[in-house]
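*Asks:* Model the structure of this input:
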Amino acid sequence: MATYVLVPGFWLGAWAWASVAADLRGRGHDVHSLSLTGMGERAHLARPDTDLETHITDVLNLIRYEDLRDVVLVGHSYAGAVVIPSVADRMPERISRLVFIDSGPLPDGMSHAEFTPPEERAHNAELVRAEGDGWRLPPPPWQRTAAEASGLPEHTLERLTRLSAPQPWATATTPVRLTGAWEKLPRLHVLCSFPVEQVRAVAATVPAFRHMATDDWDHRELPGWHWPMFDRPSELAAILHDAA
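*Replies:* This next block holds a predicted model:
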């Protein structure tokens, strides 16, 4: 039996992991999926000052107060980029492996917003200003976004639309602070929207990807949508099971 902590990306809560978590529990694992502050069932706690440090503390406190050890710490998208490496950097003795789902760790000093292309960053900032009261990024139009996912059930789209919450924008603009302690841990990269060869090519030239340029990574390709917990949950669960 392994212990998993599943951390969702932008707009999502613990509910997004329901199928994956059930599959892993069915295999005998201990699974903790959580909603970061301001998301999921904790949406009412969102504030303008909810930032990356808030979300790092959410995960650290889960591990500390549940007394979790040898944790397989899984982060999707935003959570993989900045949350789980920060948690592992501060509590490496509790983590056995890091799993980055269609994401990768950003270097020290970079924010999640800085990782996006300038035009996308400007578009998001305008959405925050015009539709998010100056501090929240609204969820994407899921019906249009899901056009990339073949065969996604209609009830999944309905849940995404109904349960997604605006993302506190300070979580995207807070720079990540890392000492390098997390880099000693085993790492698995689950690639969905881009293949491993593309990652290696980009990592060789783009500073934001430099942590993925080393050879001490395991890679698994799971081609599909950026959100594999919705379009390929059983395959994702099998990969996480193998990672333990």
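
*Asks:* Need the residue closest to the centroid of this protein.
*Replies:* Central residue of the chain (Cα atoms, centre = their mean): residue 76, 2.4 Å from the mean position.

*Asks:* Quick check, that residue in contact with residue 229.
*Replies:* Yes. Residue 76 lies in contact with residue 229 (Cβ atoms under 8 Å); the separation is 7.0 Å. For every residue, glycine as well, the C-beta is placed using N, CA and C.

*Asks:* Which neighbours do these two have in common?
*Replies:* residue 101 (Cβ atoms under 8 Å, 6 or more residues apart in numbering).

*Asks:* quick one: residue 105 from residue 81, how far?
*Replies:* In this view, residue 105 and residue 81 are 7 Å apart by Cβ to Cβ, to the nearest Å.

*Asks:* what's the answer for residue 100, then?
*Replies:* Separation of residue 100 from residue 81 (Cβ to Cβ) stands at 8 Å.

*Asks:* Give me the common contacts of these two.
*Replies:* Listed as contacting both residue 100 and residue 81 by Cβ under 8 Å, 6+ apart are residue 75.

*Asks:* Residue 187 touches residue 219, doesn't it?
*Replies:* No. Using Cβ under 8 Å, residue 187 is not in contact with residue 219; the gap is 9.6 Å.

*Asks:* Which one's more surrounded, those two?
*Replies:* Using other Cβ atoms under 10 Å, the more surrounded residue of residue 187 and residue 219 is residue 187, with 23 against 15.

*Asks:* ok, the more buried one to residue 174 distance?
*Replies:* Here residue 187 is placed at a distance of 23 Å from residue 174 (Cβ to Cβ).

*Asks:* Can you pull the phi/psi pair for residue 201?
*Replies:* With angles defined as degrees, to the nearest 10, residue 201 sits at phi -70, psi -40.

*Asks:* After the helix-or-strand element of the chain with minimal mean pLDDT, which helix or strand is next?
*Replies:* Least confident element among the helices and strands of the chain, by mean pLDDT, DSSP states H and E: helix 196-203 (a mean of 81). Next helix or strand after helix 196-203 toward the C-terminus (DSSP states H and E): strand 218-221.

*Asks:* Tell me the helices and strands packed up against that following strand.
*Replies:* strand 187-191, helix 196-203 (3 or more Cβ pairs under 8 Å, 6 or more residues apart in numbering; DSSP states H and E).

*Asks:* Deepest in the core, which of these is it.
*Replies:* Of those, the one with the most neighbours on average (mean count of other Cβ atoms under 10 Å) is strand 187-191, at a mean of 21.

*Asks:* Now do that one against helix 196-203, angle only.
*Replies:* Counting by axes from the mean of the first three to the mean of the last three Cα atoms, to 10 degrees, strand 187-191 lies at 110 degrees to helix 196-203.

*Asks:* follow-up on the earlier one: export the least confident helix or strand of the chain as CSV, just CAs?
*Replies:* Extracted in CSV, the C-alpha atoms of helix 196-203 (Å, rounded to 0.1, in the frame of the first residue of the first chain):
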residue,chain,number,x,y,z
VAL,A,196,8.6,13.5,-24.2
GLU,A,197,10.9,14.4,-27.1
GLN,A,198,9.2,17.8,-27.3
VAL,A,199,9.9,18.4,-23.6
ARG,A,200,13.6,17.5,-24.0
ALA,A,201,14.0,19.7,-27.0
VAL,A,202,12.4,22.7,-25.3
ALA,A,203,14.2,22.1,-22.0
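
*Asks:* Name the surrounding residues that touch that helix.
*Replies:* With Cβ under 8 Å, 6+ apart as the criterion, helix 196-203 contacts 104, 189, 191, 209-210, 212-213, 219, 221.

*Asks:* doesn't residue 230 make contact with residue 156?
*Replies:* Yes. In this structure residue 156 lies within contact range of residue 230 using Cβ under 8 Å: 5.2 Å.
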